[in-house]
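[1] Build me a structure from this.
(2 chains)
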Amino acid sequence: EAQVTQNPRYLITVTGKKLTVTCSQNMNHEYMSWYRQDPGLGLRQIYYSMNVEVTDKGDVPEGYKVSRKEKRNFPLILESPSPNQTSLYFCASRPTSASGNTIYFGEGSWLTVV
Amino acid sequence: AQTVTQSQPEMSVQEAETVTLSCTYDTSENNYYLFWYKQPPSRQMILVIRQEAYKQQNATENRFSVNFQKAAKSFSLKISDSQLGDTAMYFCAFIGPFGNEKLTFGTGTRLTIIP
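    Residues are numbered from 1 along each chain as shown, chains lettered A, B, ... in the order given. This is a model prediction of the structure:
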(Lines give C-alpha, C1' and ligand atoms only; values in the text may rest on other atoms or scores of the structure.)
Protein backbone atom coordinates (compact mmCIF):
# COMPACT_ATOMS: atom_id res chain seq x y z
CA GLU A 1 0.00 0.00 0.00
CA ALA A 2 1.29 3.42 -1.00
CA GLN A 3 1.79 5.48 2.10
CA VAL A 4 3.65 8.22 3.89
CA THR A 5 4.40 7.37 7.51
CA GLN A 6 5.14 9.92 10.19
CA ASN A 7 6.32 9.35 13.74
CA PRO A 8 5.50 10.27 16.37
CA ARG A 9 1.85 11.08 15.79
CA TYR A 10 1.56 12.92 19.09
CA LEU A 11 4.27 14.50 21.19
CA ILE A 12 4.43 16.89 24.11
CA THR A 13 7.90 18.24 24.77
CA VAL A 14 9.59 21.02 26.66
CA THR A 15 11.21 24.14 25.33
CA GLY A 16 14.76 23.55 24.14
CA LYS A 17 14.70 19.75 24.03
CA LYS A 18 15.78 18.62 20.59
CA LEU A 19 13.34 16.39 18.75
CA THR A 20 13.01 14.69 15.38
CA VAL A 21 9.83 13.85 13.52
CA THR A 22 10.47 11.07 11.05
CA CYS A 23 8.85 10.71 7.64
CA SER A 24 9.13 7.73 5.34
CA GLN A 25 7.47 6.97 1.99
CA ASN A 26 7.37 3.68 0.09
CA MET A 27 6.59 5.00 -3.40
CA ASN A 28 10.11 5.92 -4.55
CA HIS A 29 9.06 9.56 -4.87
CA GLU A 30 11.72 12.15 -5.53
CA TYR A 31 9.90 15.12 -4.00
CA MET A 32 9.20 15.31 -0.29
CA SER A 33 8.13 18.24 1.84
CA TRP A 34 7.05 19.31 5.30
CA TYR A 35 4.08 21.55 6.11
CA ARG A 36 2.74 22.95 9.33
CA GLN A 37 -0.92 23.70 9.89
CA ASP A 38 -2.07 26.46 12.20
CA PRO A 39 -5.59 27.78 12.81
CA GLY A 40 -6.56 30.48 10.33
CA LEU A 41 -3.36 30.04 8.33
CA GLY A 42 -3.92 26.86 6.37
CA LEU A 43 -0.88 24.73 5.61
CA ARG A 44 2.48 26.38 5.06
CA GLN A 45 5.56 24.74 3.64
CA ILE A 46 8.59 24.47 5.93
CA TYR A 47 11.18 22.67 3.78
CA TYR A 48 11.20 20.55 0.69
CA SER A 49 13.56 18.16 -1.08
CA MET A 50 13.77 17.42 -4.77
CA ASN A 51 15.92 14.33 -4.29
CA VAL A 52 18.62 12.79 -2.14
CA GLU A 53 20.98 15.42 -0.69
CA VAL A 54 18.91 18.24 -2.23
CA THR A 55 16.89 20.34 0.21
CA ASP A 56 15.56 23.88 0.18
CA LYS A 57 13.63 26.28 2.37
CA GLY A 58 9.92 26.77 2.11
CA ASP A 59 7.92 29.67 3.51
CA VAL A 60 8.52 29.14 7.23
CA PRO A 61 11.91 27.40 7.72
CA GLU A 62 13.06 29.25 10.86
CA GLY A 63 13.74 26.90 13.76
CA TYR A 64 13.72 23.74 11.63
CA LYS A 65 16.26 21.55 9.89
CA VAL A 66 15.88 18.67 7.49
CA SER A 67 18.06 16.06 5.83
CA ARG A 68 17.62 13.73 2.88
CA LYS A 69 20.24 11.02 3.08
CA GLU A 70 17.99 8.35 1.62
CA LYS A 71 15.24 8.71 -0.94
CA ARG A 72 12.54 7.28 1.28
CA ASN A 73 13.25 9.31 4.43
CA PHE A 74 12.91 13.02 5.16
CA PRO A 75 13.14 13.77 8.89
CA LEU A 76 12.20 17.14 10.38
CA ILE A 77 14.49 18.29 13.15
CA LEU A 78 13.69 20.89 15.79
CA GLU A 79 17.05 21.66 17.41
CA SER A 80 15.62 23.88 20.16
CA PRO A 81 11.82 23.80 20.09
CA SER A 82 9.87 26.81 21.26
CA PRO A 83 6.15 27.18 22.08
CA ASN A 84 5.47 28.91 18.75
CA GLN A 85 6.34 25.63 17.05
CA THR A 86 3.32 23.99 18.63
CA SER A 87 1.43 22.87 15.54
CA LEU A 88 0.15 20.03 13.40
CA TYR A 89 2.86 18.85 11.00
CA PHE A 90 2.39 17.04 7.72
CA CYS A 91 4.92 15.26 5.57
CA ALA A 92 4.07 14.85 1.88
CA SER A 93 5.60 13.24 -1.19
CA ARG A 94 5.05 13.02 -4.94
CA PRO A 95 6.95 12.24 -8.12
CA THR A 96 8.65 15.24 -9.73
CA SER A 97 7.77 14.26 -13.29
CA ALA A 98 4.85 16.71 -13.19
CA SER A 99 3.82 19.11 -10.47
CA GLY A 100 0.18 18.07 -10.89
CA ASN A 101 0.89 14.53 -9.79
CA THR A 102 -1.06 13.29 -6.82
CA ILE A 103 0.48 14.41 -3.56
CA TYR A 104 0.46 11.89 -0.76
CA PHE A 105 0.19 13.18 2.80
CA GLY A 106 1.13 11.50 6.01
CA GLU A 107 -1.44 11.34 8.80
CA GLY A 108 0.02 14.31 10.63
CA SER A 109 2.04 14.77 13.80
CA TRP A 110 0.67 16.83 16.67
CA LEU A 111 3.48 18.63 18.43
CA THR A 112 3.04 20.60 21.64
CA VAL A 113 5.96 22.54 23.08
CA VAL A 114 5.51 23.71 26.67
CA ALA B 1 4.18 34.47 -5.56
CA GLN B 2 0.95 32.61 -5.83
CA THR B 3 -1.80 33.23 -3.30
CA VAL B 4 -5.01 31.36 -2.58
CA THR B 5 -7.95 33.01 -0.85
CA GLN B 6 -10.91 31.33 0.79
CA SER B 7 -13.24 34.05 2.00
CA GLN B 8 -15.70 31.85 3.90
CA PRO B 9 -14.18 30.71 7.20
CA GLU B 10 -17.29 28.75 8.15
CA MET B 11 -20.40 27.48 6.43
CA SER B 12 -23.28 25.24 7.36
CA VAL B 13 -25.99 23.57 5.34
CA GLN B 14 -28.82 21.14 5.90
CA GLU B 15 -28.26 17.54 4.99
CA ALA B 16 -29.20 16.71 1.36
CA GLU B 17 -28.85 20.33 0.26
CA THR B 18 -26.27 21.74 -2.11
CA VAL B 19 -23.43 23.97 -0.94
CA THR B 20 -20.76 25.91 -2.79
CA LEU B 21 -17.37 26.79 -1.31
CA SER B 22 -15.48 29.69 -2.86
CA CYS B 23 -11.82 29.96 -3.75
CA THR B 24 -9.88 32.57 -5.68
CA TYR B 25 -6.21 32.56 -6.54
CA ASP B 26 -3.60 34.79 -8.01
CA THR B 27 -0.90 33.67 -10.43
CA SER B 28 0.90 34.79 -13.56
CA GLU B 29 1.26 31.21 -14.79
CA ASN B 30 -0.82 29.86 -17.65
CA ASN B 31 -0.48 26.19 -16.77
CA TYR B 32 -1.15 25.04 -13.24
CA TYR B 33 -3.25 22.70 -11.13
CA LEU B 34 -5.93 23.37 -8.57
CA PHE B 35 -7.13 21.07 -5.83
CA TRP B 36 -9.74 20.77 -3.14
CA TYR B 37 -8.71 18.84 -0.05
CA LYS B 38 -11.01 17.64 2.70
CA GLN B 39 -9.79 17.43 6.27
CA PRO B 40 -12.23 15.60 8.56
CA PRO B 41 -11.88 15.63 12.36
CA SER B 42 -9.23 12.90 12.06
CA ARG B 43 -7.05 15.63 10.42
CA GLN B 44 -6.21 13.36 7.50
CA MET B 45 -5.74 15.24 4.21
CA ILE B 46 -8.01 13.73 1.56
CA LEU B 47 -7.95 14.80 -2.07
CA VAL B 48 -11.48 15.60 -3.21
CA ILE B 49 -10.98 16.86 -6.74
CA ARG B 50 -8.30 18.16 -9.08
CA GLN B 51 -8.48 20.56 -12.02
CA GLU B 52 -5.84 21.11 -14.67
CA ALA B 53 -5.81 24.72 -15.86
CA TYR B 54 -5.41 23.88 -19.53
CA LYS B 55 -8.57 21.79 -19.47
CA GLN B 56 -11.67 23.90 -19.92
CA GLN B 57 -14.04 21.19 -18.78
CA ASN B 58 -14.91 21.37 -15.11
CA ALA B 59 -13.82 18.38 -13.06
CA THR B 60 -16.42 16.22 -11.34
CA GLU B 61 -16.17 13.39 -8.82
CA ASN B 62 -19.52 11.90 -7.89
CA ARG B 63 -21.30 14.52 -5.74
CA PHE B 64 -18.39 16.95 -5.99
CA SER B 65 -17.88 19.31 -8.89
CA VAL B 66 -16.00 22.50 -9.52
CA ASN B 67 -16.73 25.73 -11.32
CA PHE B 68 -13.37 26.73 -12.78
CA GLN B 69 -13.26 30.25 -14.18
CA LYS B 70 -9.71 30.75 -15.43
CA ALA B 71 -10.06 34.37 -16.49
CA ALA B 72 -11.58 35.29 -13.13
CA LYS B 73 -9.10 33.04 -11.29
CA SER B 74 -11.92 31.40 -9.43
CA PHE B 75 -12.25 27.76 -8.41
CA SER B 76 -15.37 26.96 -6.40
CA LEU B 77 -16.40 23.56 -5.08
CA LYS B 78 -20.01 22.42 -5.24
CA ILE B 79 -21.18 19.58 -3.03
CA SER B 80 -24.52 18.14 -4.06
CA ASP B 81 -26.82 16.08 -1.85
CA SER B 82 -24.64 16.88 1.14
CA GLN B 83 -24.11 14.14 3.71
CA LEU B 84 -23.14 14.19 7.38
CA GLY B 85 -19.78 12.70 6.42
CA ASP B 86 -19.03 15.83 4.41
CA THR B 87 -18.56 17.75 7.65
CA ALA B 88 -14.91 18.80 7.52
CA MET B 89 -12.46 21.57 6.84
CA TYR B 90 -12.00 22.14 3.13
CA PHE B 91 -8.81 23.58 1.68
CA CYS B 92 -8.33 24.98 -1.78
CA ALA B 93 -4.79 24.58 -3.10
CA PHE B 94 -2.71 25.67 -6.08
CA ILE B 95 0.44 24.30 -7.66
CA GLY B 96 2.39 25.68 -10.59
CA PRO B 97 3.67 23.76 -13.59
CA PHE B 98 7.20 22.89 -12.54
CA GLY B 99 8.58 19.90 -10.68
CA ASN B 100 9.87 21.94 -7.76
CA GLU B 101 6.61 23.73 -7.09
CA LYS B 102 5.05 23.77 -3.66
CA LEU B 103 1.38 23.36 -2.93
CA THR B 104 -0.03 26.72 -1.78
CA PHE B 105 -3.08 26.42 0.43
CA GLY B 106 -5.92 28.73 1.30
CA THR B 107 -6.88 29.23 4.93
CA GLY B 108 -9.76 26.77 4.75
CA THR B 109 -13.54 26.69 5.09
CA ARG B 110 -15.07 24.77 7.96
CA LEU B 111 -18.22 23.09 6.62
CA THR B 112 -20.86 21.67 8.93
CA ILE B 113 -23.67 19.50 7.62
CA ILE B 114 -26.73 19.80 9.85
CA PRO B 115 -28.93 16.71 10.25
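[2] from here on, contacts and neighbour counts on C-alpha atoms
    Fine.
[3] isn't B:Leu34 right up against B:Phe94?
    Yes: assessed by CA atoms under 8 Å, B:Leu34 is found in contact with B:Phe94 at 4.7 Å.
[4] With neighbour numbers in mind, choose between the two.
    Taking other CA atoms under 10 Å in any protein chain shown, B:Leu34 and B:Phe94 do not tie; B:Phe94 has more neighbours (25 against 21).
[5] Need the pLDDT of that one.
    Reported pLDDT at B:Phe94 in the predicted model: 93.
[6] again, but for A:Arg36
    As predicted, A:Arg36 sits at a pLDDT of 98.
[7] Could you list the paired strands of whichever strand or helix holds it along with their orientation?
    Using DSSP states H and E, A:Arg36 falls within strand A:31-38. Applying DSSP bridges, strand A:31-38 is found paired with strand A:42-51 (antiparallel), strand A:87-94 (antiparallel).
[8] Can you point out the buried residues in it?
    By neighbour count with 16 or more other CA atoms under 10 Å in any protein chain shown, strand A:31-38 contains the buried residues A:Tyr31, A:Met32, A:Ser33, A:Trp34, A:Tyr35, A:Arg36, A:Gln37.
[9] same check, this time on stretch A:93-109
    Within stretch A:93-109, the residues that count as buried by 16+ other CA under 10 Å are A:93-96, A:99-100, A:103-109.
[10] Please apply the same query to stretch B:92-100.
    Neighbour counts over stretch B:92-100 (16+ other CA under 10 Å) mark B:Cys92, B:Ala93, B:Phe94, B:Ile95, B:Gly96, B:Pro97, B:Gly99, B:Asn100 as buried.
[11] What segments of chain B are strands?
    All strands of chain B, identified by DSSP state E, fall at B:3-5, B:10-14, B:19-21, B:24-26, B:33-39, B:46-52, B:60-61, B:64-69, B:74-79, B:88-95, B:104-105, B:109-114.
[12] Can you name the residues of chain A that neighbour chain B?
    Within chain A, the positions adjacent to chain B are A:31, A:40-45, A:50, A:96-100, A:105-108 by CA under 8 Å from any CA of the partner chain.
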